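*Asks:* sequence and predicted structure below; questions after.
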Amino acid sequence: MKRTREKLLSLALGTAFGLIGAAHAADQGITKDQITLGAFLPLQSGLAAGATQMREGAEAYFKYINDNGGVNGRKIEWIVENDSYNPQQTVAVVKKLVDRDGVFAMVSTLGTVTAVAVLPFLAQRGVPIVNPAGGHELLNKPKDKNVFAILPLSSEIGESMADYAVQKLGAKRVAIFYQNDQFGKDQRDGAIEALKKHNLKAVGEASYVPSDVDVSAQVVALRDTNPDVVVLGIIPKHAALFLKEAQRLGWKPKIVGHNTVADPVVLDLAGPEALEGVYVNLMTAVDTMDTPAVKKANEILAKYYPKTKPGYYPYLGMAGAIIIVEGIKRAGPDLTRVKLISALESLGRYETGLVPPIEWNATYHGGPRSFGYAQWQGGKLKVLEGW
Amino acid sequence: MNLTRTIVAVLILALLVALPFGLGQYGYYLMAIVMIYAMVALSLNVLIGMGGQISIGHAGFWALGAYGSALIVTKLGFPFFLGVLAGGLIAAAFGALVALPALRVQGHYLAIATLGFALFVQQVLFEWESLTGGRQGLFVPRPSLFGFELRDDFAYYYLLLAIFLLLAWITGNFARSHSGRSLMALKMSSVAAECCGIARPKHIIIAFTISAFFTGVSGALYGHLLGHLSTETFSLAISLSFLTMAVIGGLHSRAGALLGGAYLALAPELMREFKDVQMVIYGVTLILCVQFLPRGLISVVERVWTIGTTPHATR
């Protein structure tokens, strides 16, 4: 009964105010001097280290914006909930963020299945989500009007790496080493597609599963196919295992790796000699890049989270924060979710300097399609080409 | 005595009906989760409370129900209700299978066997990508009744409440049936019961089947509430949570199942404010509960209600 009354009342009020004009009906999470945003991050899980860095990257930028007067006079409050990388918990915390805390939008979340699990709910409520970091078509090349991706499709990274091997490194014989799951297989498929365009085939393929602690058999098998270039669709630990094993065998092919091979962890595990000369695909900045955007990002991070080293996750988190702040700014003082979405769609080619340029429009909300490349030289990453 | 029981039952029912009002969308969702968990607690009441059989593999049955219903609704286009029923039946069939080792092994060994079953189910669902979506998971439509979609968790809560009451009624009748009484006799002394002509295998299989059916139904309803399934949800951790919830609530009472469900669904909410120390508090309350309330939270309620009578009277 009460429920029916409530519904009737809200319907009546809705009609009354709806007539006055939707432009004045502010969405939830907006007050005169504050905007509430939210995120779910796996702060207690195998990905906890990355999640924490991602949070600190984004949080640092919001603090910086707040200390400089906020956006259109409003300060940003960002509520982060832990979901332990469990989709069931993600659904619960997102319902809490949207229905109880009343967040206006979500930004810089981490996790693939966890994000996919909440997409229908966010779409139903029309809550914008910017930078859901993960590897899934629905996240990297979204169809939903409210989803905006900053990371590319894994298959496009694979394509780019194979193109780089053939065009820039002059490879005739390309082999692929990949992680045997969606993350690695998508990269492999992309690489094979790209090779086909150059009338080439992969001369060798090998894979591992994340629980493997030894990849020596795969290294030997790939060496026997005698490739000029090996493409790695891989995570840091196994990149280090691969490189150390290749070094032990004295095998020195050219190597092009996923962005994860730029992770300082690989350097710690494999050492500078094994890494020497390895090329890496870049879909976020590296801290040695000598550009104003990267320098500013490093300064902001150093000011608010001095213990956090700049790198993939902090940059990724911050890139999401930069873009949503820009979108909110352009959407103007009478902020609504619909206005934020159209502001993001009209950003055009937008450079954060921390990730390759974003090119969203009314029909494309996907991640960037151009990448940078860097090379490990003497234990340091040297950027060869930007995006 | 009977009058008091009726009054109590009516009061509990009135409370359950009135509970969600004014809680808001997030509150409705939590209440729905309470009901779904309570169904699992009920299933463990049957298996552990009556049958004396342990299981740390109920996540497996839960997963079978959830995926079973989701696939039948999405791939075969069956209505929601049939999907839920089918989810329960699929889980029940596997329940009967899992009962087979239970006929030969007991205690720790049975626990390990059920654990193996749950891991097996999780792995198969994960690898069978063409059917279940594997790592990417599977979208599940919202529940619908007679063509009306229950978009709102508020309406869904009442459907869940009705199903819980139905399952609780079945549990009560089962406890008084030939099988139910045989199970209790077997639990007290297997040898004595078998000497009296009770066929142990038959009743153990029945207990597992019913328990798995309840859990399967719960899983199916859960999938439709969540809107998306992936195998991460059906881990060992959730099996253990189920066991904990059933013990904390009380293994010998249907109202205890409800309290257990409420505990598992709401305790994390209440403890969210404590942030990093919440797992410590959770662990300590668990130990305290088991130490001082071996018959579960319901025993507190029972003691208050039945001062002067025997503690078993309220079953």
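*Replies:* Looks like it came in fine.
*Asks:* gap between the longest helix seen in chain B and the chain center?
*Replies:* For chain B, the longest helix by residue count, based on DSSP state H, is helix B:200-226. Relative to the centre of its chain, helix B:200-226 is centred 8 Å away, using Cα atoms, centre = their mean, to the nearest Å.
*Asks:* same for that helix, what does it pack against?
*Replies:* If you count contacts as 3 or more Cβ pairs under 8 Å, 6 or more residues apart in numbering or on different chains; DSSP states H and E, helix B:200-226 packs onto helix A:87-95, helix B:24-44, helix B:58-75, helix B:80-102, helix B:153-176, helix B:178-188, helix B:190-195. (Glycine included, C-beta is placed from N, CA and C.)
*Asks:* can you add mean neighbour count and give those helices back as a markdown table?
*Replies:* Below are those laid out as a markdown table (neighbours: other Cβ atoms under 10 Å in any protein chain shown):
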| stretch | mean neighbour count |
| --- | --- |
| helix A:87-95 | 24 |
| helix B:24-44 | 25 |
| helix B:58-75 | 27 |
| helix B:80-102 | 22 |
| helix B:153-176 | 18 |
| helix B:178-188 | 18 |
| helix B:190-195 | 13 |
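*Asks:* in JSON lines: these, plus mean pLDDT and distance to A:Gln53.
*Replies:* Converted to JSON lines, the helices and strands packed on helix B:200-226 look like this (pLDDT from 0 to 100; distance: least, Cβ to Cβ, whole Å):
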{"stretch": "helix A:87-95", "mean pLDDT": "89", "distance to A:Gln53": "19"}
{"stretch": "helix B:24-44", "mean pLDDT": "92", "distance to A:Gln53": "29"}
{"stretch": "helix B:58-75", "mean pLDDT": "94", "distance to A:Gln53": "32"}
{"stretch": "helix B:80-102", "mean pLDDT": "92", "distance to A:Gln53": "40"}
{"stretch": "helix B:153-176", "mean pLDDT": "92", "distance to A:Gln53": "35"}
{"stretch": "helix B:178-188", "mean pLDDT": "89", "distance to A:Gln53": "53"}
{"stretch": "helix B:190-195", "mean pLDDT": "87", "distance to A:Gln53": "56"}
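*Asks:* now tabulate those helices in JSON lines and tack on distance to A:Lys201.
*Replies:* Conversion of the helices and strands packed on helix B:200-226 to JSON lines gives the following (distance: least, Cβ to Cβ, whole Å):
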{"stretch": "helix A:87-95", "distance to A:Lys201": "38"}
{"stretch": "helix B:24-44", "distance to A:Lys201": "51"}
{"stretch": "helix B:58-75", "distance to A:Lys201": "36"}
{"stretch": "helix B:80-102", "distance to A:Lys201": "44"}
{"stretch": "helix B:153-176", "distance to A:Lys201": "53"}
{"stretch": "helix B:178-188", "distance to A:Lys201": "64"}
{"stretch": "helix B:190-195", "distance to A:Lys201": "65"}
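*Asks:* next, the contact list for the residue of the stretch 151-300 of chain A found nearest chain B, please.
*Replies:* Closest approach between the stretch 151-300 of chain A and chain B, counting by Cβ to the nearest Cβ: A:Gln182, at 5.3 Å. Residues in contact with A:Gln182 (Cβ atoms under 8 Å, 6 or more residues apart in numbering or on different chains) are A:Gly135, A:His136, A:Ser154, B:Gly134, B:Arg135, B:Gln136.
*Asks:* by how many degrees do the longest helix of chain B and helix B:80-102 diverge?
*Replies:* Helix B:200-226 runs at 140 degrees relative to helix B:80-102, counting by axes from the mean of the first three to the mean of the last three Cα atoms, to 10 degrees.
*Asks:* what about helix B:200-226, average pLDDT?
*Replies:* Across helix B:200-226, pLDDT averages out at 93.
*Asks:* which SSE is immediately downstream of it?
*Replies:* Sequence order places strand B:228-229 as the next helix or strand after helix B:200-226, per DSSP states H and E.
*Asks:* residues in contact with that following strand?
*Replies:* By Cβ under 8 Å, 6+ apart, strand B:228-229 touches A:87, A:91, A:116-120, B:66-67, B:70, B:132, B:137-140, B:223.
*Asks:* so what are the sheet partners of it and their directions?
*Replies:* Counting by DSSP bridges, the strands paired with strand B:228-229 are strand B:138-139 (antiparallel).
*Asks:* outside of the partner strand itself, list whatever touches it.
*Replies:* So strand B:138-139 is contacted by A:Pro120, B:Tyr67, B:Ala70, B:Leu71, B:Thr74, B:Thr132, B:Gly227, B:His228, B:Leu229, B:Ser230 (Cβ under 8 Å, 6+ apart).
*Asks:* my guess is the fourth one meets B:Ser130, correct?
*Replies:* No: with contact defined as Cβ atoms under 8 Å, B:Leu71 does not reach B:Ser130; the gap is 11.3 Å.
*Asks:* and for whichever residue of the stretch 201-315 of chain B sits closest to chain A, the neighbour number?
*Replies:* In the stretch 201-315 of chain B, no residue comes nearer to chain A than B:His228, which is 3.9 Å away by Cβ to the nearest Cβ. B:His228 has 25 neighbours, counted by other Cβ atoms under 10 Å in any protein chain shown.
*Asks:* one more: A:Val71?
*Replies:* A:Val71: 22 neighbours (other Cβ under 10 Å).
*Asks:* kindly report the same for A:Asp214.
*Replies:* 11.
*Asks:* contacts only, for B:Gly137.
*Replies:* Listed by Cβ under 8 Å, 6+ apart, the contact partners of B:Gly137 are A:Pro87, A:Val113, A:Val116, A:Ala117, B:His228, B:Leu229, B:Ser230, B:Thr231.
*Asks:* apart from its neighbours in sequence, what residue is nearest the second one?
*Replies:* Take A:Val113 and drop its neighbours on the chain: the residue closest to it by Cβ to Cβ, 6 or more residues apart in numbering or on different chains is B:Ser230, 4.4 Å away.
*Asks:* against A:Lys254, how distant is B:Leu183?
*Replies:* From B:Leu183 across to A:Lys254, the span is 69 Å (Cβ to Cβ, to the nearest Å).
*Asks:* if we can go back for a sec, the contacts of A:Gln182 into a markdown table, with extra columns for neighbour count, pLDDT and secondary structure?
*Replies:* As requested, the contacts of A:Gln182 are arranged in a markdown table below (neighbours: other Cβ atoms under 10 Å in any protein chain shown; pLDDT from 0 to 100; DSSP: H, G, I helix; E, B strand; the rest coil):
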| residue | neighbour count | pLDDT | secondary structure |
| --- | --- | --- | --- |
| A:Gly135 | 21 | 84 | coil |
| A:His136 | 24 | 85 | coil |
| A:Ser154 | 24 | 88 | helix |
| B:Gly134 | 17 | 79 | helix |
| B:Arg135 | 19 | 74 | helix |
| B:Gln136 | 18 | 76 | helix |
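*Asks:* now A:Leu267: phi and psi?
*Replies:* Backbone geometry at A:Leu267, expressed as degrees, to the nearest 10, gives phi -60, psi -40.
*Asks:* can you count the residues close to it?
*Replies:* Other residues close to A:Leu267 by other Cβ under 10 Å number 19.
*Asks:* from A:Thr52, how far off is it?
*Replies:* Between A:Leu267 and A:Thr52 the distance, using Cβ to Cβ, works out to 20 Å.
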